[in-house]
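Colleague: build the 3D model from these lines:
(one chain, ligands or ions: 1)
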Amino acid sequence: MSVLQLGYIAPDFHQHSSQGKLHFHKYIEGHWAVFFSHPADFTPVCTTELGETARLRPEWEKRNVKVIALSVDSEESHAKWIPDINETQNCDVYFPIVADEDKSVSTLYGMFQPQSNDKFTVRSVFIIDPNKKIRAIITYPASTGRNFHEILRVIDSLQLTDGYKVATPVNWKDGDDVVIAPAIQDPEELKTRFPKGFKVIKPYLRMTPQPNK
Ligand code: BEZ
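Modeller: Residues are numbered from 1 along each chain as shown. This next block holds a predicted model:
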């Protein structure tokens, strides 16, 4: 069973993929990464998910993100499925799909969860920063297709909060007001850090316009 947690370095691996042998750390070097598993090739929900991931290429690139998919199907299976995704989802699958036939990577990452399904991977998502640190882990069942806009939203929040002493409130999306980190109490520091001003709703709940907009 995987014990990967937030803050751990995402484990490195070499595995076959739809783009040949993939050296994970080398591939993601200097980038954010979204590493996600899907249950199986030639399945309907997965087809729509990989299509959406490909169509979102400009959004990933804007955020310096590399995307990598994984299932336990073979390289040959991926190669036959990709044209179907491109045709039906009006996209170009430009990213690698790991062919984890021996389940070594999916077991390492806890994407293979045999109590849920003893043949296929679940829908796991790992968001990894340029230091290769795991920053978010999200897991969905096979029957629920993911919302990749939510994954982009989490990346926006992480990239923003890495740069400023703020956190993002419920249902926040890029451009909305954010909350000031409770640790910032010094009035001078508040003025310097938040020149656009802020609203004190409670001493612990202070809203400010998004500082990088
Ligand atoms: C799908 O991608 O459509 C799917 C895969 C496994 C189980 C249920 C649905």
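Colleague: domain assignment for this structure?
Modeller: Domains of the chain are assigned by automatic domain parsing as 14-146, 164-208.
Colleague: deepest in the core, which of these is it.
Modeller: domain 14-146 (a mean of 18; mean count of other C-beta atoms under 10 Å). All C-beta spots, glycine's among them, are computed from the backbone N, C-alpha and C.
Colleague: Throw the domains of the chain into CSV and include distance to the ligand and mean pLDDT, thanks.
Modeller: Below are the domains of the chain laid out as CSV (distance: least, C-beta to the nearest ligand atom, whole Å; pLDDT from 0 to 100):
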stretch, distance to the ligand, mean pLDDT
domain 14-146, 3, 97
domain 164-208, 27, 96
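Colleague: format the ones you listed as JSON lines; extra columns: distance to Gln5.
Modeller: Formatted as JSON lines, these follow (distance: least, C-beta to C-beta, whole Å):
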{"stretch": "domain 14-146", "distance to Gln5": "7"}
{"stretch": "domain 164-208", "distance to Gln5": "20"}
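Colleague: contacts only, for the residue found closest to Gln113 once you drop the neighbours it is linked to in the chain.
Modeller: Nearest residue to Gln113, sequence neighbours excluded (C-beta to C-beta, 6 or more residues apart in numbering): Val122, at 5.1 Å. Val122 sits next to Ser37, Pro39, Met111, Phe112, Gln113, Ser116, Thr139, Tyr140, Pro141, Ala142 when contact means C-beta atoms under 8 Å, 6 or more residues apart in numbering.
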